[in-house]
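Visitor: Here's a sequence, model it:
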Amino acid sequence: MVSDKKIALDIEGVCADTHAAAIERCELIDDVPDQYDFASPDQLDEYLDVSATIWEHEPEIVPPCDPDIADHVNMLRESHTVEVLTNRYGVDDQVQQWLNKYGIDVDGFQANPPTTKKEGFEKSNTYPNGFDYFIDDNPKLAFKVERLFLVDQSWNQNVDDDDEQVIRVGDRGAGALIEVVNDLYAGPVRE
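Guide: Residues are numbered from 1 along each chain as shown. Reported below is the predicted structural model:
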């Protein structure tokens, strides 16, 4: 069992299904994108505008990726420090309200501008208070940190997991955190 580690928990695509809420409001995007980068600048701009508006004015319409997310975060917190590390910037209060609505307690919260590279927050000699593990859906983080629990999403299918550095978990967010719990407490649990 691994214990006393610091975990960076992403919000969008891991805890909050912003994509589902944005798709309902968005005309250019018909379904969940199959890549992290959008097909056109227009689609990306529309998605960013719609998702920003949702977080600013209607965060309550964003569903959780997993209905048991609060329980799973609490299970992780029994032996680890779990902090939100997100690049959804400028809506800290709204994200905190969303966490409260779903009963998700965390040990810290850090929101950064969208261009911030999360791998810079990994524990190292120069950053001893950094994160040991990352739970994220961003394929660009793969193989840039020592341990990434990559939440399985349609836009990160091009990333190969290796069961050591990149461990794929969940199905569009559902069940992702319980798989992380199983991995950290019992060693890799694979079917």
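
Visitor: how far away is Ile135 from Lys117?
Guide: Computed with C-beta to C-beta, to the nearest Å, the distance linking Ile135 and Lys117 is 17 Å. (C-beta placed from N, C-alpha, C; glycine too.)

Visitor: can you check Ala20 too?
Guide: If you go by C-beta to C-beta, the gap between Ala20 and Lys117 works out to 26 Å.

Visitor: More neighbours: which of the two?
Guide: Neighbour count, other C-beta atoms under 10 Å: between Ala20 and Lys117, Ala20 has more, with 15 against 11.

Visitor: for the chain, what spans make up the helices?
Guide: Assigned by DSSP state H, the chain shows helices spanning 18-25, 41-57, 69-77, 92-101, 176-186.

Visitor: Now tabulate the ones you listed in CSV and tack on distance to Lys6.
Guide: Output for the helices of the chain, formatted as CSV (distance: least, C-beta to C-beta, whole Å):
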stretch, distance to Lys6
helix 18-25, 25
helix 41-57, 25
helix 69-77, 11
helix 92-101, 18
helix 176-186, 12
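
Visitor: Please convert the ones you listed to TSV, extending it with distance to Asn158 and mean pLDDT.
Guide: Formatted as TSV, the entries for the helices of the chain read as follows, by distance: least, C-beta to C-beta, whole Å; pLDDT from 0 to 100:
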stretch	distance to Asn158	mean pLDDT
helix 18-25	18	83
helix 41-57	18	83
helix 69-77	26	94
helix 92-101	28	96
helix 176-186	18	83
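
Visitor: That concludes my questions; thank you for your assistance.
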